[in-house]
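Peer 1: with the input below, show me the fold.
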Amino acid sequence: MRVNEKIKGTEVRVINPDGIQLGIMSPQEALQTAMSLGLDLVEVAPDANPPVCRIMDYGKYRYDQSKKAKDAKKKQSIIQVKEIKIRPKTDEHDLEFKARHIERFLKEGNKAKITMIFRGRELMHTNLGKKILDKLAEDFKDTAVVEQMPRLEGKSMVMILAPKH
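Peer 2: Predicted coordinates:
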């Protein structure tokens, strides 16, 4: 932003601190008006014809802008990806236990990555692992969206669930 003497051009549209237009005048004249009020002349719309300048306290303006940026940063939520690992031979009770963990992750607003790990000859029966992952996806169809369908990656099959909003 251009402030005070850095404002170039032959004429500028000036707005006073209350938001009332003072009209079009030369930058020197506008700067004199701002100085008489003990404030700064700040160019707020440099692309307009003529450029729009506002009389304000520039230090206070910068402080308010940084405060708004900090508040916006605080309100951002970071979504984490929580991982659950299972095997094709995982027992039904253990799957239910892990499903409760997945449900908790989704309620907290995090994504759940479900990894089916195959060892040795289990890799020949990936269809069994896919059935288990499809069943989990079906169980969570009301609370989650399947962001990534079950996909074989090396010796493991991965599926990602994201919470519904």
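Peer 1: going by C-alpha atoms from here, please, whenever you check contacts or count neighbours.
Peer 2: Will do.
Peer 1: verify the contact between Lys107 and Lys164 for me.
Peer 2: No: here Lys107 does not reach Lys164: they are 9.4 Å apart, not a contact under Cα atoms under 8 Å.
Peer 1: what about Ser156, how many neighbours?
Peer 2: Neighbourhood size, Ser156 [other Cα atoms under 10 Å]: 19.
Peer 1: mind listing what it touches?
Peer 2: 115-118 (Cα atoms under 8 Å, 6 or more residues apart in numbering).
Peer 1: same deal with Thr10?
Peer 2: Counting by Cα under 8 Å, 6+ apart, Thr10 has contacts 26-27.
Peer 1: which of the helices or strands spans it?
Peer 2: Assigned by DSSP states H and E, Thr10 falls within no helix or strand.
Peer 1: please apply the same query to Met116.
Peer 2: Per DSSP H and E: strand 111-117 holds Met116.
Peer 1: follow-up on the earlier one: show me the two of the contacts of Ser156 that sit farthest apart.
Peer 2: Greatest spatial distance among the contacts of Ser156 (Cα to Cα): Thr115 and Phe118, at 9.6 Å.
Peer 1: just checking, Lys155 touches Arg121?
Peer 2: No: counting by Cα under 8 Å, Lys155 stays clear of Arg121, with 10.6 Å between them.
Peer 1: who does Ile114 bridge with?
Peer 2: Under DSSP bridges, the beta-bridge partners of Ile114 are Ile84, Met159.
Peer 1: tell me how many other residues crowd it.
Peer 2: Residues lying near Ile114 (other Cα under 10 Å) number 22.
Peer 1: what sits up against whichever helix or strand Val44 is part of?
Peer 2: According to DSSP H and E, Val44 maps onto strand 40-45. Contacts to strand 40-45, defined as Cα under 8 Å, 6+ apart, come from residues 1-4, 7, 30-31, 34, 51-58.
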